[in-house]
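Trainee: Build me a model:
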Amino acid sequence: MATTVSNHLTCNEPEFASPHTWYSPETGIYTSKHAPLELPSDPFLDVVSHIFSQQHNGFSALIDSSSACSISYSDLFPLVKSTAFGLHKMGVSQGDVVLLLIPNSIFYPIVFLGVLYLGAIVTPLNPRSHISEIHKQIAECGVSMGFTSQDKVRELQLLGIPVIGVPGNFKECSSNYSVFYNLVSGNSGLFPRPVIKQEDKAAILYSSGTTGASKGVVLTHKNFVSMVELFVRFEASQYDYSSSKNVFLAVLPMFHIYGLSLFATGLLSLGSTIIVMKTFDINEVIKVIDNYRVTHFPVVPPILTALTKKVTSINRSYLQSLIQVSCGAAPLSIKNIEDFIHTLPNVDLIQGYGMTESTAVGTRGFNTEKFQNYSSIGLLAPNMEAKVVDWKTGAFMPTGSSGELWLRGPSIMRGYLNNKEATMSTIDKDGWLHTGDVAWFDQDGYIHLSDRLKDIIKYKGYQISPVDLEALLILHPEIVDVAVIGFNDEETGEIPVAFVVRKVGSTLSQEAILNYVAQQVAPYKKVRKVVFTDSIPRSAAGKILKRQLRRNYLTSKL
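Mentor: Reported below is the predicted structural model:
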């Protein structure tokens, strides 16, 4: 039975399992209310072959928003195979690690999938990362070569690896990009591909996990195949029209698991068109949505807030093509939700939840004409299990009660790179991923986030590790102790605030500290405020008591 959510969106009423089957009080396990899906069982299956084995009627795969340069679906797989063949001739082998230090472009998915098709491993990184951060990731992952924008080629070469410059689109393929142009436009025929198994490594993405410094998350081809099926293709199956008619706007960075899972992998299996923007600009976003008749816009909370504010100041005749806005990476406030629904009442708004450690699979919102649940992060994805556990007692929590959210399923990472201790503290012996997020299930099976146990800061949807910033600040000769905490911010979600204990007699200023950090980290990781204090509260074991520090600071402001 089909029902209408908005003026545009037609979707199927979900075929839920009966209510008594999705939670077991004996085991504490919540199962998905969606029926389980049969995942590919062939052990010798790589995610690239899986993506391009899907049948669809898609024509344009990737379009550059500024130049209108495009890549058709008929050309996409040959370009991927050409890239793989070219890398093979350059000496890249199965198991080698290739760094992607490039902004969003129509070539990002081609490079990403080309590396994977060869059996090599991708490690993406924010192109605005500081040179010290780049060097650290190259060393930890054992990177053998890299792709970057032309303006960073020399900088990356100085770190001792071969580098290929990547243009933003085909019109920029001048002699400066001859190596890349030859790579993607060369031979796409047969070459001796290695045997690639689902269990083989595909990517290493960095995440702060539940606590501590950034760690390399090792994801396999099986993880990505599961993501394609349980996240992207499953959601598409819920609607009564062909996914090849959908036009997605790619503003989210493809170096992040959210953007990577959608724009460089999953959506390409559906035949949807992806409009790629290099950087976010709300004025350009409005133009692009209208010019290209965008139907779906995945966002993070700051982008949704900017969109809502912008729409209230312009003619409502804009954005008529928009069907759905999906938000992830951080929860939306009730105010943000209400403002959006009031401003764009005919656009379906859903939230979702996933982690780098779960290959972006977790939950996904689902609204029908009869039922809307905008404030939840949605229903558990098919084939996924969850527990809600009291973090003090270990007791299982029933519906309506909060606890730490645990996840288990085929998309859960293999583990953290060269870090058995962190892996064992995050994934237990029974395969449960301890997310560090506090959540609860309502009586309809929808999940709600209420707090976070894990010690990370979410700035505009990006993860910032307080430990990394603390390790940097403590090296300053005039700082004797430090703690970094995230504080709520209406515009960005959270901002990093540093509590600093100076040496006796030091006149070190806030501005000097802010500049010190800014010169050594990516722009989004910068400390935004400094609070000078006489001491940092710590436990008997020396752990920073951040809740007490936050409470003391907020009390002093009253």
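
Trainee: Please report how far the residue lying closest to Val347 once chain neighbours are set aside lies from Gly461.
Mentor: Spatial nearest neighbour of Val347, chain neighbours left out: Leu322 (5.2 Å); criterion: C-beta to C-beta, 6 or more residues apart in numbering. Yep, even glycine has a C-beta here, placed from its N, CA and C like the rest. Separation of Leu322 from Gly461 (C-beta to C-beta, to the nearest Å): 20 Å.

Trainee: Ok, Gly142 next?
Mentor: 29 Å.

Trainee: Same question for Ile289.
Mentor: Distance, Ile289 to Gly461, using C-beta to C-beta: 19 Å.

Trainee: Find the residue ranges of the chain scoring beneath the pLDDT cut-off.
Mentor: The chain contains residues with pLDDT under 70 at 1-20, 173-177, 209-212, 315-316, 539-543, 556-558.

Trainee: Break it down into its domains, please.
Mentor: Split into domains by automatic domain parsing, the chain comes to 2-447, 457-557.

Trainee: taking those together, which one is wrapped up most tightly?
Mentor: Each of those was assessed for mean neighbour count using mean count of other C-beta atoms under 10 Å. The highest is domain 2-447, with a mean of 19.

Trainee: how far out from the middle of the chain is it?
Mentor: The gap between where domain 2-447 is centred and where its chain is centred comes out at 6 Å by C-alpha atoms, centre = their mean, to the nearest Å.

Trainee: does Tyr516 really touch His476, like I thought?
Mentor: Yes. Applying C-beta atoms under 8 Å as the test, Tyr516 and His476 come out as touching, 6.0 Å apart.

Trainee: Just give the nearest non-adjacent residue to Ile474, would you?
Mentor: Val482 (5.5 Å).

Trainee: for that neighbour, what are its contacts?
Mentor: By C-beta atoms under 8 Å, 6 or more residues apart in numbering, the contact list for Val482 reads 470, 473-474, 498-501, 536.

Trainee: Quick one: the helices in the stretch 301-450 of the chain, in order.
Mentor: Under the criterion DSSP state H, counting those that start in this stretch, helices of the stretch 301-450 of the chain are mapped to 301-312, 334-343, 420-426.

Trainee: Can you convert those into JSON lines and add a column each for distance to Glu284?
Mentor: Output for these, formatted as JSON lines (distance: least, C-beta to C-beta, whole Å):
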{"stretch": "helix 301-312", "distance to Glu284": "11"}
{"stretch": "helix 334-343", "distance to Glu284": "19"}
{"stretch": "helix 420-426", "distance to Glu284": "39"}
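
Trainee: can you name the farthest residue from the center of this protein?
Mentor: Relative to the centre of the chain, and counting by C-alpha atoms, centre = their mean, the farthest-placed residue is Gly505 at 44.2 Å.

Trainee: doesn't Asp455 fall inside a helix?
Mentor: No. Per DSSP: H, G, I helix; E, B strand; the rest coil, Asp455 lies outside any helix segment and is coil.

Trainee: so how far is Arg547 from it?
Mentor: According to C-beta to C-beta, Asp455 and Arg547 sit 11 Å apart.

Trainee: Between the helices of the stretch 301-450 of the chain, which one is closest to Thr279.
Mentor: Of all the helices of the stretch 301-450 of the chain, helix 301-312 sits nearest to Thr279, with 11.9 Å by C-beta to C-beta.

Trainee: what comes into contact with the helix or strand containing Tyr206?
Mentor: Taking DSSP states H and E as the criterion, Tyr206 maps to strand 201-207. The contact list for strand 201-207 (C-beta under 8 Å, 6+ apart) reads 46-47, 95, 97, 116, 121-125, 137, 141, 214-221, 223-224, 257, 260, 355-357, 414, 417, 463.

Trainee: Looking at the residues you listed, which are in helices?
Mentor: Counting by DSSP state H, the part of the contacts of strand 201-207 found in helices is 47, 116, 137, 141, 221, 223-224, 257, 260.

Trainee: nearest to Ser242, of these?
Mentor: Val47 (22.6 Å).

Trainee: Spatially nearest residue to that closest one, not counting backbone neighbours?
Mentor: Computed as C-beta to C-beta, 6+ apart, the closest residue to Val47 that is not its neighbour in sequence is Phe224, at 4.0 Å.

Trainee: cool, Gly400 as well?
Mentor: Of all residues not flanking Gly400 in the chain, Trp440 sits nearest, at 6.3 Å (C-beta to C-beta, 6+ apart).

Trainee: repeat for Asn283
Mentor: Of all residues not flanking Asn283 in the chain, Lys310 sits nearest, at 7.5 Å (C-beta to C-beta, 6+ apart).

Trainee: what about that neighbour, distance to Arg538?
Mentor: Taken as C-beta to C-beta, the span from Lys310 to Arg538 is 45 Å.

Trainee: Would you list the phi and psi of the nearest residue to Ser93 once chain neighbours are set aside?
Mentor: Nearest residue to Ser93, sequence neighbours excluded (C-beta to C-beta, 6+ apart): Ala120, at 7.0 Å. Dihedral angles of Ala120 (phi, psi; degrees, to the nearest 10) stand at phi -90, psi 180.

Trainee: With Ser509 instead?
Mentor: Dihedral angles (degrees, to the nearest 10) for Ser509: phi -100, psi 160.

Trainee: my guess is Val80 meets Val48, correct?
Mentor: Yes. Assessed by C-beta under 8 Å, Val80 is found in contact with Val48 at 6.5 Å.

Trainee: Understood, closing this out.
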